[in-house]
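[1] Build me a model from this:
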Amino acid sequence: MSSSRSVRISELTIFPVKGMRGLRKDFVELTPQGFRHDRRFMIIDASGRFISQRTHRSLAQLRLTEEPSTGRIRVEAPDGKEASFPLEPQWDGPDQPEPMDVVIWDDIVSAWAGFPDMDALLSDFLEDDLRLVWMPESTFRALDPAYGGPEDQVSFADGYPILILGQSSVDELNTRLMHPVPANRFRANMLVTGTDPWEEDGLTRVAGPDAALRVVKRCKRCVVITLDQESGEASPEKEPTATLATYRRWDGGIAVGMNAIPEPELGSFRVGDVLDVTHAQERA
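    Numbers count the residues shown, from 1 in each chain. You can find the predicted model right below:
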């Protein structure tokens with residue numbers, strides 16, 4: 001990368017509940033599982049298996065509001081019904097729920113239920129028998145060993161702790177689309193400016209003033225990128241997938257964004273941080 005360019009963080013986003021809207025943050029702390037509070041909650045059906053916008057696209061319509069004074073997230077349905085849950089649940093004595101096994105992709109992991117108001121809101125709005133569950137610190141969900149070490153772990157994210165995307169890649173895609181899409185369509189945790197279009201494909205490390213990430217794998221995308229992230233409506237033309245399929249095919253899928261893993265020292269990131277980026281050829 002030319003030394004005359006400056007790569008900066010333009011947006012940081014956490015997704016407290018897998019499959020629901022994200023919350024923009026000015027500052028995030030790193031944990032071994034990724035950004036603190038990112039996808040530590042998940043919605044399961046009656047069989048204990050996770051759901052997401054892949055199966056319940058109306059999840060995008062639920063509005064999330066963080067309440068810093070209470071440490072809770074308020075969720076509001078389009079009909080005005082509300083419920084909330086604590087970002088860091090704590091139970092004492094007999095009220096502590098029993099751990100339960102839940103299924104996310106091919107993994108079976110231990111989680112806690114115990115959010116009846118949220119269960120009722122989700123079940124009513126999505127017309128299904130649903131429960132909200134939380135991943136406690138005691139649960140360890142391993143990464144794919146092909147891309148991570150034995151100590152690397154992930155929350156309820158699909159497979160990796162953090163997703164990085166370049167704004168210039170979204171801009172380049174939009175030059176090809178009749179109806180441009182916003183960057184939130186790709187549900188990235190870290191959006192950066194200052195890179196060339198698709199330059200992130202070749203990154204192996206990004207480092208800010210206080211933390212660094214190993215960039216390990218391209219992210220193969222699913223049907224969710226065709227869904228508006230506020231209405232849940234699907235693109236009748238299956239865009240941007242249809243256009244991406246003409247030039248972004250990789251490993252049997254369509255790649256947008258890069259999966260990353262926190263380095264052991266952890267630390268934090270802020271919007272505006274200047275990043276030192278390493279490319280594959282530089283590492284070699």
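
[2] what about Gln90, distance to Val216?
    33 Å (Cβ to Cβ, to the nearest Å). In this view, the C-beta of every residue, glycine as well, is placed from N, C-alpha and C.

[3] the more surrounded of these two?
    When Gln90 and Val216 are compared for neighbours, Val216 comes out ahead with 20 against 8, by other Cβ atoms under 10 Å.

[4] Quick check, pLDDT for the closest residue to the more buried one other than its chain neighbours.
    Leaving aside its sequence neighbours, Val216 sits nearest to Tyr147 (Cβ to Cβ, 6 or more residues apart in numbering; 4.5 Å). Predicted confidence (pLDDT) for Tyr147: 94.

[5] Tyr147: how many residues sit nearby?
    Other residues close to Tyr147 by other Cβ under 10 Å number 14.

[6] next one: Phe115
    Phe115 has 21 neighbours, counted by other Cβ under 10 Å.

[7] Glu66 belongs to a strand, doesn't it?
    Yes - membership of Glu66 in a strand is supported by DSSP: H, G, I helix; E, B strand; the rest coil.

[8] need the contact list for it.
    23, 73-74, 87 (Cβ atoms under 8 Å, 6 or more residues apart in numbering).

[9] Recalculate using a threshold of 10 Å.
    Contacts for Glu66 (Cβ atoms under 10 Å, 6 or more residues apart in numbering) come out as 14, 16, 23-25, 37, 72-74, 87.

[10] Mind listing what's buried along stretch 272-284?
    For stretch 272-284, the neighbour count (16 or more other Cβ atoms under 10 Å) marks 273, 275, 277-279 as buried.

[11] quick one, helices of this protein?
    Taking DSSP state H, the helices of the chain run over residues 116-126, 167-174, 241-244, 280-283.

[12] So the residue nearest to Val216 sits against Tyr160, correct?
    Yes - Tyr147 is in contact with Tyr160 according to Cβ atoms under 10 Å; the separation is 7.5 Å.

[13] anything in contact with each of these two?
    Jointly contacting Tyr147 and Tyr160 under the rule Cβ under 10 Å, 6+ apart are 216-217, 259, 261.

[14] Max pairwise distance over those residues: which two?
    Lys217 and Ile261 (9.4 Å; Cβ to Cβ).

[15] Which one's more surrounded, these two?
    Per other Cβ under 10 Å, whichever of Lys217 and Ile261 has more neighbours is Ile261, with 23 against 18.
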